[in-house]
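Peer 1: I'll drop the sequence and a predicted model, then ask my questions.
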Amino acid sequence: MSSNCITSCLDKTVLCIQDTSEVNLYNHKNRIKKDGFIGTTNAAKGGIGFLLHPSFVVDAYNFIPYGFSDVKIWNRPLEKLTKQERNYNKLPIEEKESYKWIESSEKSKEALEKAKKIIIIQDREGDIYEQFAIVPDEKTELLVRARANRTLLNKIKLFDFIANEPLQGKYTIALEGDKRRNISKREATLEVRFSAVTIQKNDLVSKNA
């Protein structure tokens, strides 16, 4: 993140928007070196390239872009073992690719230390329990699309609990169609319900809103 960007964020409330993209160089496979920088991608079999996970910073009120608080770049080995072969479920979070969400959030907090408030926004892949315990602090909040129907401290499932909360509002949005996938244009009505909850994980709990 540039020094000008850090200065611009001074005493501001900012949104730090994260997601993962890939650079697929398969069409150039005969012209590039298969060195340590190039690995496999999420594309169809044979995809080669690298991945990047940027953290894009904008003003929370007028959406003026300030720059990037962090950009993580990495690759996957060309000969990658399966999750079963790597015993993935038993690996510590620091050795999993999903650690990118925590790592980028922590680096963004450092880069945005002069900001008044930081709201980190992530898609459902960022719904990681360790994040809720590590990232939030007195001026940093996480806004993550829920992926896991987690058990709350009162033993009720998260989605069931929220579904029974009072309706706070609703609105309609227009969705574009996609002829290639035979999807027609349509309107979707979204309902807003919310509540503070406490998530349970074994003997540990973490507050999440």
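Peer 2: Received, thanks. Computed from a predicted structure; not experimentally measured.
Peer 1: List the buried residues in stretch 155-172.
Peer 2: Within stretch 155-172, the residues scored as buried using 16 or more other CB atoms under 10 Å are 158, 161. For the C-beta atoms, the positions are set from N, CA and C on the backbone; glycine is no exception.
Peer 1: average pLDDT across that stretch?
Peer 2: Across stretch 155-172, the average pLDDT comes to 94.
Peer 1: From start to finish, how long is that stretch in a straight line?
Peer 2: 33 Å (CA to CA, to the nearest Å).
Peer 1: got it, and stretch 68-87?
Peer 2: 34 Å.
Peer 1: what's in contact with the longest helix along the chain?
Peer 2: Taking DSSP state H as the criterion, the chain has its longest helix at helix 99-111. Applying CB atoms under 8 Å, 6 or more residues apart in numbering, the contact partners of helix 99-111 are 1, 6, 16, 18, 20, 53, 55, 57, 69-70, 72, 74, 93, 118, 120, 122, 125-126, 128, 130-131, 134-135, 137, 140, 142.
Peer 1: can we see that at 6 Å?
Peer 2: Residues outside helix 99-111 that contact it (CB atoms under 6 Å, 6 or more residues apart in numbering): 1, 16, 18, 53, 55, 69-70, 72, 93, 120, 126, 128, 131, 134-135, 140.
Peer 1: Show me what the most centrally placed residue in the chain is bridged to.
Peer 2: Centroid-nearest residue in the chain, with CA atoms, centre = their mean: residue 122, separated by 3.2 Å. For residue 122, the beta-bridge partners under DSSP bridges are residue 144.
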